[in-house]
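Enquirer: Quick check, what structure comes out for this input:
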Amino acid sequence: MSAIKTRPPTGRVPWPLILLEGGEKSGKSWSAAVLSASERVGQTYWIDLGEGASDEYGAIPGVRYLVVEHDGTWAQIMDQVRALRCEAERASQAGEPPVVLVVDSMTAEWELLKDWAGNRAKSSRANREKLAKDPNAEVSIPMNLWNDATARHRRLMTILMTFPGIVIVTARGKEVAALDAGGTPIAGTKDYKVEGHKSLPYDASAWVRLARDSEARLVGARSVHVGIRPGRDAAKPLPEDWTLEWLIFDGLKCGADSHARRIVQPQAGAESPDLDDLSDIAKELLGLAEDAADKDGLTKAWRATGAALKAGQISQAEADHVGRRITRLNEELAGEAA
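Expert: Numbers count the residues shown, from 1 in each chain. Just a heads-up that it's a prediction; the model follows:
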């Protein structure tokens, strides 16, 4: 029997992942851009996904963010996010102000993954034959492909949730008809829907709702400082002159001793008994393989694994583990193309 391992909680405030959510033209991207002008933050990096506001908002007086270039593919987006995490860690270790990462928007991120799952479904042999007979035939996305899309989203969110700096993500939101258990609209009743992966609001450490015709509201926060008890208090109106700088440093009380949020991920146990022992580099290589969109991407992961082994950055056992996963993914791609 193992000894009980415990530690007291630190009470320290981690750097936040803030969700800015609301309808069109409600100020989500604008608020994120204005944060970059604060002297309390370091370099801000902006990943534009389907919104197109990053260049024009560079004309806002005082802003100083950099636009992250990518080709819109999942592999390049994740490659840039990983590189930005390394830069944020470097800045943190050097005692510099926190790096800020803006992802605008997570609505487009989930649409990208849904399209990816849909295209994979259409490329199966059975569905290719079905579409050849009827180009307008309905193609259902099987659960395994939805699981793959969710797994990709989860890998991105894990990086964002444990980012050694400040993360701002945007998403569209709107009122929709409330439905009963059978899926029938309930007359005179509305629900509110955040457009993105369903877990997005849960993963955010603070959730701000913006609207053109009413005040900004703090829907919820994982914090003991902002005066909202999770699960008990209603959304809290923010001051008319609120800013993200105020929310982060004065509301959430982030400061010099803030740190990256620590998350212990549940492991698959018997399905991957050696995953617990993988080094960070080996896990990065696994992520590179999982995010590969085609055989070229898997070849890149294979070569990177070999280079890491040759450089002594990973063990032979880790290289074998990653290699087996690359082989399995290659077989899956071949099966889809058959």
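Enquirer: Contacts made by stretch 43-59 with the rest, please.
Expert: 29-30, 32-33, 35-36, 63-68, 70, 72, 77, 80-81, 84, 87, 91, 99-109, 111-112, 170 (C-beta atoms under 8 Å, 6 or more residues apart in numbering). All C-beta atoms are positioned from the backbone trio N, CA, C, and that covers glycine.
Enquirer: Quick one: buried ones out of these?
Expert: 29, 32-33, 35-36, 63, 65, 68, 70, 77, 80-81, 84, 87, 91, 99-109, 112, 170 (16 or more other C-beta atoms under 10 Å).
Enquirer: Pretty sure residue 293 sits in a helix.
Expert: No. Residue 293: not assigned to a helix; according to DSSP: H, G, I helix; E, B strand; the rest coil it is coil.
Enquirer: Report the contact partners of it.
Expert: 73, 74, 75, 116.
Enquirer: secondary structure element for the nearest residue to residue 325 once chain neighbours are set aside?
Expert: Nearest-residue entry for residue 325: residue 289, 5.7 Å, with adjacent residues in sequence omitted and distances by C-beta to C-beta, 6 or more residues apart in numbering. Taking DSSP states H and E as the definition, one finds residue 289 inside helix 280-290.
Enquirer: Please identify the buried residues of that helix?
Expert: For helix 280-290, by 16+ other C-beta under 10 Å, it's 281, 282, 284, 285, 286, 287, 288, 289, 290.
Enquirer: can you pull the contacts of the third one?
Expert: Counting by C-beta under 8 Å, 6+ apart, residue 284 makes contact with residue 82.
Enquirer: Can you give me the distance of the closest residue to residue 292 other than its chain neighbours to residue 159?
Expert: Nearest residue to residue 292, sequence neighbours excluded (C-beta to C-beta, 6+ apart): residue 298, at 4.7 Å. Look at residue 298 and residue 159: by C-beta to C-beta, to the nearest Å, they are 21 Å apart.
Enquirer: When these two are compared, which one has more neighbours?
Expert: For residue 298 and residue 159, the more surrounded residue by other C-beta atoms under 10 Å is residue 298, and the numbers stand at 20 against 17.
Enquirer: Look at the more buried one and tell me its secondary structure.
Expert: helix.
Enquirer: if we can go back for a sec, now, which of the buried residues of helix 280-290 sits nearest residue 181?
Expert: Lowest distance from residue 181 to the buried residues of helix 280-290 (C-beta to C-beta) belongs to residue 290, with 35.7 Å.
Enquirer: Now do the buried residues in the helix or strand residue 329 falls within.
Expert: Residue 329 is located in helix 316-337, with elements delineated by DSSP H and E. For helix 316-337, burial by neighbour count (16+ other C-beta under 10 Å) applies to 318, 319, 321, 322, 323, 325, 326, 329, 330, 333, 336.
Enquirer: cool, and stretch 306-313?
Expert: 308, 309, 313.
Enquirer: Which other helices and strands does the helix or strand containing residue 303 contact?
Expert: Here residue 303 sits within helix 295-310, counting by DSSP H and E. The contact analysis (3 or more C-beta pairs under 8 Å, 6 or more residues apart in numbering; DSSP states H and E) places helix 295-310 against helix 280-290, helix 316-337.
Enquirer: how far is the first one from where the chain is centred?
Expert: Going back to what we said before, that points to helix 280-290. Here the centre of helix 280-290 is set off from its chain's centre by 17 Å, with C-alpha atoms, centre = their mean, to the nearest Å.
Enquirer: and if you look at the longest one?
Expert: Centroid separation for helix 316-337 versus its chain: 25 Å, with C-alpha atoms, centre = their mean.
Enquirer: Which strands or helices does it pack on?
Expert: helix 280-290, helix 295-310.
Enquirer: Next, the angle from the longest one to helix 316-337.
Expert: So that's helix 295-310. Put simply, helix 295-310 runs at 170 degrees to helix 316-337, going by axes from the mean of the first three to the mean of the last three C-alpha atoms, to 10 degrees.
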